[in-house]
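Engineer: Below are the sequence and a predicted model for it; my questions follow.
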Amino acid sequence: MLRQYLIGRALACMTQSQKRRNNAVEHDHIEPYQNTVRQTVRRIIGELPVGKNARLPIAIKTSAFDKSGYRLENTLFESFPGWQINATVYVPLDSEPPFTAVIMPVGHNGKESENCQLPAQFFARCGYLTVVFDPPGFGEKTEGNDHLVDGVRCYLVGHTSSRYFVCDALRCIDYLETRDDVDLNRGVAMTGISGGGTTTVIASLLDDRISVIGPSCCLTPLTDLDITHCYAGCPETHMLGRYSQGIDEVDLLCAAAPKPTLLMAGRHDEVFHVEDTTKLARQVESFYAAIDAGDRFRLFVDEVGHTYSLAQAREFVEFLNTWLLSVPEGAMPELPDHAFSLDPAEQLKCRPRSDVNMQSLTLNKAKELAKSPKPTIDHIRNAALKIAQLAESVTAPKATASKTFRVWTHHWQQILLEPENGIELPATFVSSLEGTPATILHLDDQHRNRLLEQHGVMAQTINSLSESATPLNLLSVDLRGWGDTAVAMYPYEMVPWGSVDRYLSYTSIALADPIMAMRIRDALAALAYLRTHSKVDNDNIVITACGLAAIIALHVAIIDGNIKRTVIWDGLVSFKSLLEAESYVWTADAFVPNILLAYDLPDIVAALGQVASVLNPLDAAGRPVSQKHIENLNEHAGKEIYRNDIDSDSLAKHIQSML
């Protein structure tokens, strides 16, 4: 259900994207359309310390090795402050300077790979000075730079991890401006495979110094691979609002027009299927033709898999000779495949510093944000409404209820809530036989009935077997993606970098409607339903939650403002903790975009005050926080709200004491 819902929303965005593109061609609105795409990409990536926004880098050459037809020069220079690019420069030895330059962002591997080394060697031996560098998370840039683990951290502070990939590529152009043996009058070329190809395309929209591009094995229409086939891919390609803003891969290439572009594909590519890439190429070809630049775009299909081959390198050099050097009949040296071999990985090492990385830079941003004054309850509520995508109060959803069934001191009933078209939320309503006692709205990130089964904590809390105690009502609901609404696995989720939680996180973020925001709305809809029920006292509603659902409960309490008590346990202590830890156990959907721009979880707890109780909070690694940390949290709250000494046997009694 949830997957089809997300697919439907994403496809609708791409339909609007195509209409916008077609309208631009039909009504000669090419320039406004291209400007819209470029400005959107620039806004998503954010301001970067490159070009006019930065000083020329101070390069440190670490080593050099003469080879047959080229020289390896290993060089370090900064991109972000303290963040070093480990560039290996392939300098032609069989040509005279000044050289025209090629920048080759590496895909999801290190620069020592065959996909990088052999093409770079080929470009140099054809007279093109070539710069390659490790992307975040690979080669020498591993610590704190895992693009899957550390990439999602960037969401919390309003950044996209793609800024680090793209900034490095653009900073290489700045570096080239410091070299006397490079001619930048014609601009530079950029080419790369997979993630390096994506970097190439995005970078080309941000910097006019890039004159020719050659993305390889990296592009299909989003409607195919990412949306319909649900390939989660990477967080750097799922920037906040990308789908909602209609930024298809087709749009990226069309916005670059009339920049000469050689799109390369492997006929046997295991990920970017050639039929899908061909479909994309036909759309881009039509766009280029419509602006009288049809000869500036070409698709080359190579007889390989997901590979940047020497055949592609030859095609790109011929393309460069035509469009960068303006010598379409330029001679190319005889360079058979057997003339190339891999250089030792050790000879490509630059040994950059590792203490400045995606994790540290994101944490520094969070620390900077934390210096702001403690947010007020109104500030938090307004920001939470924005996070939850709410402009008005949530109304009671459509509800379908089963017949009631008496079970000891309560009636048992199953309910299906429909908070919006296409979404149904199973709920269990256990109500007292008589009267309107306190009602608990319970949220669990595992299953709504988990703590009811076998007289679990919630069954104990509502006194389900005790005739002498006051029975309580309880509505336990599976928010979308949890419990009975959990998403079934799709084929691309078999790979190590794929998972259902990553798919849900990346896709919903690209829709500018994070899955946690949807769950907040779901919980508010369940609360609205309760308030319409004849057996519920609206002034006596308590919300409880555990695990990741604790985040939802806190947001519901602060947004609604009329919850009598909020009790959460085994929840994440703070979003900041996700940035501080070397590793974490929480799923990708815990990283809510932009949230640290406004508040953190302890700020909500402090704003709720005595109506809240936080039991046994967990750190990023899923471990109980220390007593010292508990004391600091209570000091921040100004009240004794946090406890880390409640065991499972006493949890039900503690919840009852809060009613």
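Structural biologist: Good, I have the coordinates. Source: prediction; values computed, not measured. Residues are numbered from 1 along each chain as shown.
Engineer: Which parts of this structure belong to which domain?
Structural biologist: 2-330, 375-657 (automatic domain parsing).
Engineer: I'd like those domains as JSON lines, with distance to residue 345 appended.
Structural biologist: For the C-beta atoms, the positions are set from N, CA and C on the backbone; glycine is no exception. Shown next, in JSON lines, are the domains of the chain (distance: least, CB to CB, whole Å):
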{"stretch": "domain 2-330", "distance to residue 345": "4"}
{"stretch": "domain 375-657", "distance to residue 345": "22"}
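Engineer: Would you mind giving the ones you listed as a markdown table with mean pLDDT and mean neighbour count added?
Structural biologist: Converted to a markdown table, the domains of the chain look like this (pLDDT from 0 to 100; neighbours: other CB atoms under 10 Å):
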| stretch | mean pLDDT | mean neighbour count |
| --- | --- | --- |
| domain 2-330 | 96 | 21 |
| domain 375-657 | 95 | 19 |
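Engineer: any idea which residue sits dead centre in the protein?
Structural biologist: The centre of the chain sits closest to residue 235, judged by CA atoms, centre = their mean, with a distance of 3.1 Å.
Engineer: who's in contact with that residue?
Structural biologist: 147-148, 151-152, 154-155, 160-161, 505-506, 509, 588 (CB atoms under 8 Å, 6 or more residues apart in numbering).
Engineer: Repeat that for residue 566.
Structural biologist: 542-544, 553-554, 557, 608, 611-613.
Engineer: Give the full set of residues in contact with the nearest residue to residue 541 once chain neighbours are set aside.
Structural biologist: In space, and not counting its chain neighbours, residue 541 is closest to residue 439: 5.2 Å by CB to CB, 6 or more residues apart in numbering. Listed by CB under 8 Å, 6+ apart, the contact partners of residue 439 are 472-475, 530, 535-537, 540-542.
Engineer: swap the cut-off to 7 Å and go again
Structural biologist: Listed by CB atoms under 7 Å, 6 or more residues apart in numbering, the contact set of residue 439 reads 473, 475, 530, 536-537, 540-541.
Engineer: Check residue 196 too.
Structural biologist: Applying CB under 7 Å, 6+ apart, the residues contacting residue 196 are 104-107.
Engineer: Put together CSV for those, with distance to residue 278 and secondary structure on each row.
Structural biologist: Formatted as CSV, the contacts of residue 196 follow (distance: CB to CB, whole Å; DSSP: H, G, I helix; E, B strand; the rest coil):
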residue, distance to residue 278, secondary structure
104, 24, strand
105, 24, strand
106, 25, coil
107, 21, coil
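Engineer: For residue 491, state which of those is nearest.
Structural biologist: Of all these, residue 107 has the smallest distance to residue 491: 21.6 Å, by CB to CB.
Engineer: Can you pull the phi/psi pair for the closest one?
Structural biologist: phi -80, psi -150 (degrees, to the nearest 10).
Engineer: Identify the residue spatially nearest to it, adjacent ones excluded.
Structural biologist: residue 194 is the one closest to residue 107 (CB to CB, 6+ apart), at 3.4 Å.
Engineer: ranges for the helices of the stretch 401-550 of the chain?
Structural biologist: Assigned by DSSP state H, counting those that start in this stretch, the stretch 401-550 of the chain shows helices spanning 457-461, 500-510, 515-530, 549-560.
Engineer: Let me know which of those is the nearest to residue 319.
Structural biologist: Nearest to residue 319, of these and by CB to CB, is helix 500-510 at 31.4 Å.
Engineer: Could you list every helix and strand in contact with the closest one?
Structural biologist: Counting contacts by 3 or more CB pairs under 7 Å, 6 or more residues apart in numbering; DSSP states H and E, helix 500-510 packs against helix 2-26, helix 515-530.
Engineer: again, only using 10 Å
Structural biologist: helix 2-26, helix 153-156, helix 515-530 (3 or more CB pairs under 10 Å, 6 or more residues apart in numbering; DSSP states H and E).
Engineer: Residue 631 is in contact with residue 641, isn't it?
Structural biologist: No - between residue 631 and residue 641 there is no contact, the gap being 11.6 Å when judged by CB atoms under 10 Å.
Engineer: quick one: which of the domains of the chain is nearest residue 344?
Structural biologist: domain 2-330 (8.4 Å).
Engineer: Could you report the distance from residue 532 to residue 84?
Structural biologist: Distance of residue 532 to residue 84, given as CB to CB, to the nearest Å: 60 Å.
Engineer: now swap in residue 389 and tell me
Structural biologist: For residue 389, the distance to residue 84 - CB to CB - is 39 Å.
Engineer: And for residue 582?
Structural biologist: 20 Å.
Engineer: Surely residue 86 is in a helix?
Structural biologist: No - Residue 86 is assigned strand when assessed by DSSP: H, G, I helix; E, B strand; the rest coil, not a helix.
Engineer: tell me the contacts of it?
Structural biologist: Neighbouring residues of residue 86 by CB atoms under 10 Å, 6 or more residues apart in numbering: 62, 74-77, 110-111, 132-134, 139-141, 168, 348-353.
Engineer: Return the set of residues that bridge with it.
Structural biologist: Counting by DSSP bridges, residue 86 forms beta bridges with residue 76.
Engineer: I'd guessed residue 286 sits against residue 253; true?
Structural biologist: No - with contact defined as CB under 10 Å, residue 286 does not reach residue 253; the gap is 11.5 Å.
Engineer: Now residue 548: closest residue in space, sequence neighbours ignored.
Structural biologist: For residue 548, the spatially nearest residue (CB to CB, 6+ apart) is residue 445, at 4.1 Å.
Engineer: OK, contacts around that neighbour?
Structural biologist: Residue 445 touches 478-479, 481-483, 519, 545-552, 570-571, 587, 589-590, counting by CB under 10 Å, 6+ apart.
Engineer: Check residue 627 too.
Structural biologist: So residue 627 contacts 643-645 (CB under 10 Å, 6+ apart).
Engineer: Of these, which is the nearest to residue 262?
Structural biologist: residue 644 (59.3 Å).
Engineer: Show the contacting residues for the closest one.
Structural biologist: Residue 644 neighbours (CB under 10 Å, 6+ apart): 573, 614-618, 624-627, 629-630, 633.
Engineer: Distance to residue 456 and secondary structure added to these, as a markdown table?
Structural biologist: What follows is these, written out as a markdown table (distance: CB to CB, whole Å; three-state DSSP):
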| residue | distance to residue 456 | secondary structure |
| --- | --- | --- |
| 573 | 24 | coil |
| 614 | 21 | strand |
| 615 | 16 | strand |
| 616 | 16 | coil |
| 617 | 21 | coil |
| 618 | 20 | strand |
| 624 | 21 | strand |
| 625 | 24 | coil |
| 626 | 28 | coil |
| 627 | 28 | helix |
| 629 | 28 | helix |
| 630 | 26 | helix |
| 633 | 27 | helix |
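Engineer: Present the residues you listed as TSV; the columns should include distance to residue 377.
Structural biologist: Converted to TSV, these look like this (distance: CB to CB, whole Å):
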residue	distance to residue 377
573	20
614	17
615	22
616	25
617	21
618	25
624	28
625	24
626	28
627	28
629	23
630	22
633	17
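Engineer: just those residues now: which is nearest residue 461?
Structural biologist: Nearest to residue 461 among the contacts of residue 644, with distances taken as CB to CB, is residue 615, at 12.9 Å.
Engineer: The closest one and residue 573 touch, don't they?
Structural biologist: No - the pair residue 615 and residue 573 fails to qualify as a contact (CB under 10 Å) at a distance of 11.4 Å.
Engineer: Mutual contacts of the two, please.
Structural biologist: With CB under 10 Å, 6+ apart as the test, residue 615 and residue 573 both reach 550, 642, 644.
Engineer: wait, doesn't the first one sit right on residue 443?
Structural biologist: Yes - taking contacts as CB under 10 Å, residue 550 lies within contact range of residue 443: 8.0 Å.
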